[in-house]
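Q: Curious how this folds, go ahead:
(one chain, ligands or ions: 2)
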Amino acid sequence: MQKNSKIYVAGHRGLVGSAIVNNLKAKGYTNVIGRTHSELDLLDQNAVKEFFETEKPDYVFLAAAKVGGIVANNTYRADFIYENLQIQNNIIHQSYLNGVKKLMFLGSTCIYPKNCPQPMKEEYLLTSELEYTNEPYAIAKIAGIKMCESYNLQYGTNYISVMPTNLYGPNDNFDLEKSHVLPALIRKIHCAKLLNEGKEEEVVKDLKAESIDEAKEYLAKFGVDGNRVEIWGSGKPMREFLWSEDMADACVFLMENRDFKDTYSVSEGANTTCTPTEVKNQEVRNTHINIGTGVDISIKELAETIKGIVGFKGELYFNTDKPDGTMKKLTDVSKLHGLGWQHSIGLTEGIEKMYQWYKEQS
Ligand SMILES: NC(=O)C1=CN([C@@H]2O[C@H](COP(=O)(O)OP(=O)(O)OC[C@H]3O[C@@H](n4cnc5c(N)ncnc54)[C@H](OP(=O)(O)O)[C@@H]3O)[C@@H](O)[C@H]2O)C=CC1
Ligand SMILES: C[C@H]1O[C@H](OP(=O)(O)OP(=O)(O)OC[C@H]2O[C@@H](n3cnc4c(=O)[nH]c(N)nc43)[C@H](O)[C@@H]2O)[C@@H](O)[C@@H](O)C1=O
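A: Ligands and ions are numbered 1, 2, ... in the order given. This next block holds a predicted model:
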């Protein structure tokens, strides 16, 4: 990528997209473009066609998606498969028709089997059944990997796929029903602390409620009051968390240093990679790269860490009526480390930074 290349970041205001924009600008890229959801609905095939024909970006980071936590995935199953397939189909196909030099597709580690050997290597994709709670989303993400791979093999494009672990950071989603665990627990435990300290005004402001009664009623739905905070599930699942700005740095690093022909392995035993045109009649596999820290923590330990950082003195309790989901999904990051990239923000430091950012927003 040249510093003046036109780079389109789809989802540029999201958790990852906003971090990618900041990382690109910090690295001296001067021509980074984005469109808000209201400016360009990526579900609209004609609107996406028009955008690409007008803007003709050189590079694309596909960081727009329908994203959510375990309950959102399990509840809005049709939305997760339809919207993600539609967004990625529109962007990948228009990138091909409009000569985009290189595209990065963002998948997720939920593409791996529910009972995958740990840590999860790229080659474990499609080796057994998926976790049911996020299967629609995972199928869409697997389709995205296969779409990039197939366009590369048939049309000689250069589209690479990355599979990030759970991410967190500024501009995360803090909606208590639809968000991921880490932002949800920060908000739940933060509000519990405020209630415990009698700071009702701050609770009303945080939740944009009409009154403290409305705020308390809303929090009670999620098992939160001044003395107790509900944690979903058993607390036993293990999760890995990567700071969003590290994620963005890895994405830009890979976009600068890895092409499709560098990422895949051909049929069993083949010991060299080859160009897409040379690959005919060979099985192309592992065309994606995991991005993570390679370190995981139990949900119980995560909740206790957040409780300590927030300074909440009340009780955490576990509601096993809520789903645990996959019990462990630790990424094998040896491929990424082998390329010379490592994360820099550890979980405790990241939670402290995120909580500081969260408090500055209110
Ligand atoms: N967060 C995580 O833990 C993980 C995320 N990922 C992947 O990383 C990528 C980015 O995720 P993340 O940043 O967390 O998600 P966010 O929800 O924070 O950002 C997604 C962005 O996409 C936009 N968007 C969604 N639908 C449309 C649409 N129809 N038209 C236009 N824009 C749209 C959203 O805009 P708006 O909000 O206005 O609708 C938002 O800006 C996704 O591909 C996700 O699957 C992978 C693993 C973990
Ligand atoms: C990134 C990843 O994210 C999702 O998978 P997930 O990691 O299972 O999602 P999660 O972050 O919502 O939950 C992690 C664990 O945490 C527990 N948990 C406790 N208390 C709360 C809580 O209050 N909120 C939430 N959301 N979870 C909670 C929860 O019960 C579960 O055991 C999918 O989108 C998947 O497709 C995907 O890609």
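Q: Let me know the secondary structure of residue 60.
A: Three-state assignment for residue 60 (DSSP: H, G, I helix; E, B strand; the rest coil): strand.
Q: Near it, how many other residues are there?
A: Number of residues near residue 60 (other Cβ atoms under 10 Å) recorded here: 25. In short, each C-beta sits where N, CA and C put it, glycine included.
Q: One more: residue 9?
A: Residue 9: 28 neighbours (other Cβ under 10 Å).
Q: Ranking helices and strands of the protein by mean pLDDT, which lands last?
A: Ranked by mean pLDDT, DSSP states H and E, the weakest helix or strand in the chain is helix 260-263, scoring a mean of 84.
Q: Now the residue in the chain that ligand 1 sits nearest to. Nearest residue, chain neighbours left out?
A: In the chain, the residue that lies nearest ligand 1 is residue 14 (2.1 Å; Cβ to the nearest ligand atom). When the adjacent residues along the chain are set aside, residue 14 lies closest to residue 63, with 6.2 Å between them (Cβ to Cβ, 6 or more residues apart in numbering).
Q: So which other helices or strands are in contact with the least confident helix or strand of the chain?
A: Applying 3 or more Cβ pairs under 8 Å, 6 or more residues apart in numbering; DSSP states H and E, one finds that helix 260-263 makes contact with helix 135-155, strand 159-164.
Q: follow-up on the earlier one: per-residue pLDDT of the residue of the chain closest to ligand 1, please?
A: Reported pLDDT at residue 14 in the predicted model: 97.
Q: So what does it have for phi and psi?
A: phi -80, psi -180 (degrees, to the nearest 10).
Q: Residue 243 now?
A: phi -60, psi 130.
Q: didn't it look like it was pressed against residue 352?
A: No: using Cβ atoms under 8 Å, residue 243 is not in contact with residue 352, being 10.9 Å away.
Q: These two - which one has more neighbours?
A: The neighbour count for residue 243 versus residue 352, taken as other Cβ under 10 Å, is higher for residue 243 (24 against 13).
Q: in the stretch 51-200 of the chain, which spans are strands?
A: Assigned strands in the stretch 51-200 of the chain, in chain order: 59-62, 102-106, 159-164, 166-168 (criterion: DSSP state E, counting those that start in this stretch).
Q: Out of those, indicate the one that is most buried.
A: For the strands of the stretch 51-200 of the chain, the largest average neighbour count (mean count of other Cβ atoms under 10 Å) is found in strand 59-62, namely a mean of 26.
Q: Spit out the contact partners of the residue nearest to residue 14.
A: Applying Cβ atoms under 8 Å, 6 or more residues apart in numbering to residue 63 gives the contacts 9-12, 14, 16-17, 20, 106, 251.
Q: Looking at those residues, which are in strands?
A: 9-10, 106 (DSSP state E).
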